[in-house]
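>>> sequence plus the predicted model coming up.
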Amino acid sequence: MFGHFIPDYMFRHYYEISPEFLRSLGIRSLILDLDNTLAPYEQPLPDERNLAWLGELKAAGIDAAFVSNNSSPDRVELFNREIGLPAYFKSGKPSTKNIKKALADMDCPPENAAVLGDQIFTDVWAGKRMGMTAIMVPPIKDKRTLFFRFKRLLEKPFVAKYRKIHGKDFQL
């Protein structure tokens, strides 16, 4: 069970994850968290870096879908309007319900998919429960509420275990 909380890979930023890296793992579909993974909460639209990276994935034949815990359909739909990926809001991760829907939309089995997010107890856990590769990035701009500070404190042993296994903080 402990292993369900340890990411398979960690990167400093989402845009360091190349299509070649994903292909080397046999990944053909990527489940993306939105808030604090690709953009801070207050960034309503994708920026040039988001668009360029998503374009690289598409050009390499890697499908992607947004599976967000954000409860606002407006947030997810607005960010996704120009991109046009399958997108789900109010997903309740670590629930796998919307991940299953996204994988079905992309016609991809879990073993050929990865999840990318900034939280162990939502993104990583959901992906691992599905038998997917779990990739984690630090939050872009972490919330400083007591709840999030406590959650980050609980994540520390799992990040430490990742470092012990891989001998480093991040993939490069």
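Perfect, thanks for sending it. Worth saying up front: this structure is predicted, and the values here are computed from it rather than measured. Numbers count the residues shown, from 1 in each chain.
>>> my read: K141 touches P40, true?
Yes - when contacts are counted by C-beta atoms under 8 Å, K141 is listed as touching P40 (4.2 Å). Using the backbone N, CA and C atoms, a C-beta is placed for each residue, glycine as well.
>>> same for the helix ranked longest in the chain, what does it pack against?
With secondary structure taken from DSSP state H, the chain has its longest helix at helix 146-166. Of the remaining helices and strands, those touching helix 146-166 by 3 or more C-beta pairs under 8 Å, 6 or more residues apart in numbering; DSSP states H and E are strand 9-10.
>>> helix or strand right after the strand it packs on?
Downstream of strand 9-10, the first helix or strand assigned by DSSP states H and E is helix 19-24.
>>> just the helices in the chain please.
Under the criterion DSSP H, the chain contains helices at 19-24, 48-59, 73-80, 97-105, 125-129, 146-166.
>>> tell me which of those sits most buried.
helix 125-129 (a mean of 23; mean count of other C-beta atoms under 10 Å).
>>> now the closest residue to G3 other than its chain neighbours: how far from I6?
Once flanking residues are discounted, G3 sits nearest to K128: 7.2 Å by C-beta to C-beta, 6 or more residues apart in numbering. As judged by C-beta to C-beta, to the nearest Å, K128 and I6 stand 8 Å apart.
>>> and A60, by the same measure?
Here the criterion is C-beta to C-beta. By it, A60 lies 27 Å from I6.
>>> between these two, which is the more surrounded one?
When A60 is set against I6 and neighbours are counted by other C-beta atoms under 10 Å, the residue ahead is I6, at 21 against 13.
>>> straight-line length of stretch 25-36, end to end?
The first residue of stretch 25-36 is 24 Å away from its last residue (C-alpha to C-alpha, to the nearest Å).
>>> residues of it that come out buried?
Along stretch 25-36, these residues count as buried under the neighbour rule (16 or more other C-beta atoms under 10 Å): I27, R28, S29, L30, I31, L32, D33, L34, D35, N36.
>>> thanks again, I'm all set now.
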